[in-house]
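# Return atomic coordinates for the entry below.
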Amino acid sequence: MSFGAPAPVVPELPPLDSALQAFLDDYDQYFSNAMLEAGPPGAAVAVVRDSQIVFLKGYGVLTAGGSDLVNSHTVFRIGSLSKGFAGVLTGILVKKGLLDWDDPVHKYYPDFNLKDKKQAQRTKIKHLLSHTTGLPYHAFDNLIEQGFDRETILKQYLKTARLFGREGELYRYQNAAFCVIELVIEAAAGKPYEELLAEYIFNPAHMTSASCDFESMQQRQNKALPHHLTESGWVSDTISRNYYGFTAAGGINASITSMGEWLKILLGQRPDIVTNETLDEVFRPVISTGSERRILPGWLDRAAASYAMGWRILTPGTDTIVYHAGFVNNFHSEIALDRREGIGICVLLNGNSPIKGNVIQHFFQQWKKPETDSLPPVQ
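Model prediction:
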């Protein structure tokens, strides 16, 4: 390593049941081969089983052509995986009595406005988090990518967009409108959104690498750079400021070690942070996403996907997978978990590689094989 400081200590993982260890070894080999065939320059993977991180590994390099290796403490941008944090944080505040899923947005953010003012007044918190405000797909993402700030988009542009339906009736994925939840939460709790994320999730979960701003990412020596693919191979890009002003939609940075701690929370293993009862509410499907392009094609039908509070809910066969993907600044990320089985995985990539999606599908398809289907919990 050439960061000018001692290499961080890689956490020692617990001894595992032989069948689980064999499953993880096979997945490691699969992922290594996928990286060689079509992967980006670098990646990191965490697997959590019940309350334990059972697999944690970096693959490849921070930047194409470089020699510094990705490790478990390398920081990536996680893009829309940030939306899951917004859903869980809202759930925590609902549990504390500061909010209710059915509260109107206007109660906390009176400036919220849509082309139909009456619809704006009817819009509830749950509509923000489930992309059911009635706005068109990706409304004003172009302005975010041009560098417009959140206040300008929400106050000047949101009310100009054509509505495609009443609140709660249609699913249309959002980034700008999703971030209204930040203003709602700040008004309810009396603190900045980023401070609340740290207070209720990052700090108690010991997610020491997690942050929400451009400067924190820039100052990290052990950070992955984003890449795009050209005819001659992967070419590195610079870290962009885009979406850092839209934290709830896509502004979080984290290492795979921190994302492993996040998986423990999502699997219900940190009731001191969020209860299973609250997770049930966060993960309860709100609306079918069948009108959207297929998520993880080859594995799921359109009818097998819905959206909850900042999370996609997938139902391949009789299973229920809580899932989300993220793409920002040419970083790609995915997280998925089966709460019933007590298993979850997070993958962080420093390029928008063809292996995306496949690595999640392969993980769960292999998990359902007979030799792993009845593994006991990790003690």
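# State whether residue 194 and residue 245 are indeed in contact, as I suppose.
No. Taking contact to mean C-beta atoms under 8 Å, the distance of 11.0 Å between residue 194 and residue 245 leaves them out of contact. (Glycine included, C-beta is placed from N, CA and C.)
# Quick check: closest non-adjacent residue to residue 306.
With C-beta to C-beta, 6 or more residues apart in numbering as the measure, residue 285 is the residue that lies nearest to residue 306, at 3.9 Å, once sequence neighbours are left out.
# Spit out the contact partners of that neighbour.
The contact partners of residue 285, taken as C-beta atoms under 8 Å, 6 or more residues apart in numbering, are 306-308, 313.
# Assign residue 362 to helix, strand or coil.
The three-state label given to residue 362 by DSSP: H, G, I helix; E, B strand; the rest coil is helix.
# so where do the strands sit in the stretch 101-250 of the chain?
According to DSSP state E, counting those that start in this stretch, the stretch 101-250 of the chain carries its strands in the segments 227-230, 233-236.
# show me what contacts residue 356?
Going by C-beta under 8 Å, 6+ apart, residue 356 touches 325, 332, 334, 349.
# Could you dump those residues into TSV with distance to residue 199, pLDDT and neighbour count added?
Putting these into TSV (distance: C-beta to C-beta, whole Å; pLDDT from 0 to 100; neighbours: other C-beta atoms under 10 Å) gives the following:
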residue	distance to residue 199	pLDDT	neighbour count
325	27	97	19
332	29	98	25
334	27	98	24
349	30	98	31
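# Tell me which entries of these lie within strands.
Secondary structure of the contacts of residue 356 is defined by DSSP state E; positions in strands are 325, 332, 334, 349.
# residue contacts, residue 138?
Residue 138 makes contact with 173-175 under the criterion C-beta under 8 Å, 6+ apart.
# can you name the farthest residue from the center of the protein?
No residue in the chain sits farther from the centre than residue 118, which is 32.0 Å out by C-alpha atoms, centre = their mean.
# Single out the most deeply packed of the strands of the stretch 101-250 of the chain.
When neighbours are counted by mean count of other C-beta atoms under 10 Å, the highest per-stretch mean among these falls to strand 233-236, a mean of 16.
# so how far is residue 126 from the residue lying closest to residue 204 once chain neighbours are set aside?
Taking C-beta to C-beta, 6+ apart, and ignoring the residues beside it in sequence, residue 204 has residue 273 as its nearest neighbour in space, at 5.3 Å. When C-beta to C-beta, to the nearest Å is applied, the distance between residue 273 and residue 126 equals 22 Å.
# So for the two, which sits in the more crowded spot?
residue 126 (21 against 17; other C-beta atoms under 10 Å).
# ok, the more buried one touching residue 100?
No. Between residue 126 and residue 100 there is no contact under C-beta under 8 Å: 9.2 Å.
# Kindly report the domain assignment for this protein.
According to the domain assignment given by automatic domain parsing, the chain is divided into the following structural domains: 18-81+208-373, 87-193.
# Dump these to TSV, plus distance to residue 201.
What follows is the domains of the chain, written out as TSV (distance: least, C-beta to C-beta, whole Å):
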stretch	distance to residue 201
domain 18-81+208-373	7
domain 87-193	6
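# Tabulate the ones in strands among the contacts of residue 356 (a markdown table), appending distance to residue 363.
What follows is these, written out as a markdown table (distance: C-beta to C-beta, whole Å):
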| residue | distance to residue 363 |
| --- | --- |
| 325 | 14 |
| 332 | 16 |
| 334 | 10 |
| 349 | 14 |
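# biggest separation within those residues, which pair?
For the ones in strands among the contacts of residue 356, the farthest-apart pair by C-beta to C-beta is 325 and 349; their separation is 10.4 Å.
# count of residues packed around the nearest residue to residue 315 once chain neighbours are set aside?
With sequence-adjacent residues excluded and distances taken as C-beta to C-beta, 6+ apart, residue 315 is closest to residue 304, at 4.7 Å. Residues contacting residue 304 under the criterion other C-beta under 10 Å number 20.
# Can you verify my assumption that residue 304 contacts residue 314?
Yes. Between residue 304 and residue 314 there is a contact under C-beta under 8 Å: 6.1 Å.
# For the stretch 151-300 of the chain, which segments count as helices?
Listed in chain order, the helices found in the stretch 151-300 of the chain under DSSP state H, counting those that start in this stretch are 180-189, 193-197, 214-219, 247-250, 256-266, 276-282.
# before we move on, what about the stretch 1-150 of the chain?
With DSSP H, counting those that start in this stretch as the criterion, the stretch 1-150 of the chain has helices spanning 18-38, 82-95, 117-122, 125-129, 141-145, 150-152.
# hmm, back to that, which one of the contacts of residue 356 sits closest to residue 109?
When the contacts of residue 356 are compared for distance to residue 109 (C-beta to C-beta), residue 325 wins out at 27.8 Å.
# residues contacting residue 199?
Contacts here follow C-beta under 8 Å, 6+ apart; on that basis residue 199 touches residue 191.
# Between the helices of the stretch 1-150 of the chain, which one is closest to residue 357.
Distances from residue 357 to each of those were compared using C-beta to C-beta; the minimum, 11.3 Å, belongs to helix 18-38.
# From the centroid of this protein, which residue is nearest?
When the chain is reduced to its mean C-alpha position, the closest residue under C-alpha atoms, centre = their mean turns out to be residue 81, at 1.2 Å.
# which residue packs closest to that one, ignoring adjacent ones?
Nearest one to residue 81, counting by C-beta to C-beta, 6+ apart, is residue 326 at 4.3 Å.
# Same check on residue 302?
Nearest in space to residue 302, with sequence neighbours left out and distances taken as C-beta to C-beta, 6+ apart, is residue 290 at 4.4 Å.
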